[in-house]
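Visitor: Sequence plus the predicted model coming up.
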Amino acid sequence: MNPFNQEKEKDKAQLWEMLVKRDSLAFANQDWDMVKDDFVETHFMGIHAHDESNPDLWKISFPNLNTYRDEWLKQAKEFSNDRWIEKPYDILLKVTYLEDIEISGDKALLHKKFSGFAEKKNGEKETFNWQTIYRCVKINENWKIAGFMGYLPLNIKKDEQVQNATKSVPVGASQHITAGPYSPTLNVNGTNIVVISGQAAINKGGEIIGQNIEEQTELTLRNCQKQLLTSGASLNDVFKVNVYLKDIKQWDRFNSVYTKYFIDPKPVRTAIESGLIEGLLVEIEMWATKN
């Protein structure tokens, strides 16, 4: 679901549609024709970071669009040929996060993150743990990809806002406009613990999204993941979860979504039936560790 308002954030919404929805659908279907017009071929360059935070190790692996297309098709075939339990397109949407978009005139910088896991029918689990930074330009009202730096480490260490404080809000953390007097996520300095406030199916504009427990659980877990990522952690690092359900009878339906987001050993968990804000069916808070 596009996190940006189509009317108020038209440019960001268009960029999300291009780099998440359309790219994922094309990749899952091994169909380059779906995305070939999303690129600016002139001066295109793709940098491969090889999962290294040291820029000296980054390489120009794709000096032109044709070299990138060939690698894209190769990886798409390998990905789609694997026998996943979930559909490849659903997997890509589940593990892809794109909300950090900076626009300056007709230029844009996007941080596309991949975090989570997918399970194969033979029981093997594959984790996703990297990010790509895209450079985009706007041409005739349409956004195009001019280049990227891919396979960067998901969490590049950065200084805390307050070095000597016992606790601090990580740079980049945010919450919806109707949030109350609390921090969305905290790094507990001197430890490797990250805690996040209760998250729910609420978008940045403070609107409740989702008509049923499955839809709200999906968005709630994605909001949890978004907060964790700002602190240098992910759902794979969570060790404690507290769940608050409007109706405990929806327990099985909640679990059918929840189980898709956690690898073994799964976090310890407490779940209770609780009164929630009108319209909400579930709220979740988490504790995690980070490297």
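Guide: Noted; the coordinates are in hand.

Visitor: can you give me the helices in the stretch 1-150 of the chain?
Guide: In the stretch 1-150 of the chain, the segments counted as helices under DSSP state H, counting those that start in this stretch are 10-16, 23-28, 65-81, 88-95.

Visitor: can you tell me which of those helices comes nearest to residue 104?
Guide: Residue 104 lies closest to helix 10-16 among the helices of the stretch 1-150 of the chain, at 11.0 Å (CB to CB). Glycine gets a C-beta too; all of them are placed from N, C-alpha and C.

Visitor: Need the contact partners of the closest one.
Guide: 2-6, 98, 101, 103, 108, 110, 136, 138, 142-143 (CB atoms under 8 Å, 6 or more residues apart in numbering).

Visitor: from the chain's centre, how far out does that helix sit?
Guide: 16 Å (CA atoms, centre = their mean, to the nearest Å).

Visitor: mind listing what's buried in it?
Guide: 11-16 (16 or more other CB atoms under 10 Å).

Visitor: can you list the residues you listed in CSV and add distance to residue 149?
Guide: Shown next, in CSV, are those (distance: CB to CB, whole Å):
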residue, distance to residue 149
11, 21
12, 20
13, 24
14, 22
15, 17
16, 19
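
Visitor: Quick one: the strands in the stretch 1-150 of the chain, in order.
Guide: For the stretch 1-150 of the chain, the strands defined by DSSP state E, counting those that start in this stretch cover 45-48, 59-62, 96-104, 107-119, 125-139, 142-153.

Visitor: wait, which of those is closest to residue 252?
Guide: Of the strands of the stretch 1-150 of the chain, nearest to residue 252 by CB to CB is strand 107-119, at 19.3 Å.

Visitor: I'd like to know which elements the closest one is packed against.
Guide: Counting contacts by 3 or more CB pairs under 8 Å, 6 or more residues apart in numbering; DSSP states H and E, strand 107-119 packs against helix 10-16, helix 88-95, strand 96-104, strand 125-139, helix 213-230.

Visitor: For it, which outside residues touch it?
Guide: 11, 15, 19-20, 84-86, 91, 94-98, 100-102, 125-138, 143, 154, 225, 229, 234-236, 261, 263.

Visitor: try 6 Å this time
Guide: 19, 84-85, 91, 94-98, 100-102, 125-128, 130-134, 136-137, 229, 234, 263 (CB atoms under 6 Å, 6 or more residues apart in numbering).

Visitor: which among those end up buried?
Guide: 19, 84, 91, 94-98, 100-101, 128, 130-134, 136, 229, 234.

Visitor: Quick one: residues contacting residue 185.
Guide: Residue 185 neighbours (CB under 6 Å, 6+ apart): 173, 196, 227, 231.

Visitor: and the residue nearest to the last one when sequence neighbours are not counted, what are its phi and psi?
Guide: The spatial neighbour of residue 231 that comes closest, neighbours along the chain excluded (CB to CB, 6 or more residues apart in numbering), is residue 194 at 4.2 Å. Recorded main-chain torsions at residue 194 are phi -120, psi 130, according to degrees, to the nearest 10.
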